[in-house]
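Peer 1: dropping a prediction and its sequence here:
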Amino acid sequence: MTRTAGRVLGVDLGSVRIGLALSDPLGITAQPLLVLPRSGSRSEDHHSIVGIAREHDAVRIVVGLPRSLSGKLGPAARAVLREVDELGGCAGPDLPVETYDERLTTVIAQQALADAGVKGRNRRQHVDKVAAAVILRGWLEGPGS
């Protein structure tokens, strides 16, 4: 992984929603950005992700890879890797796409929202973009997968 200055888009690929987070231009902080509902077309979803990355001048996309607690690649991780390949094809060579181990990020995101007093339905509306921010923060702070 080569670190370069510029914004990075963090992505939490879910089966129903896609959480997005964005770093600052120096790559120091990660903030939740938005949640995209799945459209039913992965190609359309990928074009939306790439469009948002370009709109925010992102230089890289980092996608959470859901490894098992033991670190192995299960069915969900293999599905994400296939989708990351497709997303990379959509993004092109000037916008690299890579993965980062996302173990426990949803749990961390849910706890952060609970600690902030966000309840029930509001928590469900925000958890995916907060999880994307947790993924991106982890990538920004250290080595990934």
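Peer 2: Right, received. Where do you want to start?
Peer 1: secondary structure class of the most centrally placed residue in the chain, three-state.
Peer 2: Residue closest to the average C-alpha location in the chain (C-alpha atoms, centre = their mean): Val11, at 1.5 Å. State at Val11, reduced to three classes by DSSP: H, G, I helix; E, B strand; the rest coil: strand.
Peer 1: in what helix or strand does the closest residue to it other than its chain neighbours lie?
Peer 2: Leaving aside its chain neighbours, Val11 sits nearest to Val63 (4.5 Å; criterion: C-beta to C-beta, 6 or more residues apart in numbering). All C-beta spots, glycine's among them, are computed from the backbone N, C-alpha and C. Per DSSP states H and E, Val63 falls inside strand 58-65.
Peer 1: neighbours of the residue lying closest to Ala133 once chain neighbours are set aside, how many?
Peer 2: Excluding the flanking residues, the one nearest Ala133 by C-beta to C-beta, 6+ apart is Ala21, at 3.8 Å. By the criterion of other C-beta atoms under 10 Å, Ala21 has 26 neighbours.
Peer 1: from here on, count from 14
Peer 2: Let's use 14 as the start, then, which means that last one is Ala34.
Peer 1: relative to Ala71, how far out is Ala34?
Peer 2: Note on Ala34: its distance to Ala71, by C-beta to C-beta, to the nearest Å, is 11 Å.
Peer 1: gap between stretch 63-77 and the chain center?
Peer 2: In terms of C-alpha atoms, centre = their mean, to the nearest Å, the centre of stretch 63-77 is set 10 Å apart from its chain centre.
Peer 1: endpoints of it, how far apart?
Peer 2: End-to-end distance for stretch 63-77: 16 Å, by C-alpha to C-alpha, to the nearest Å.
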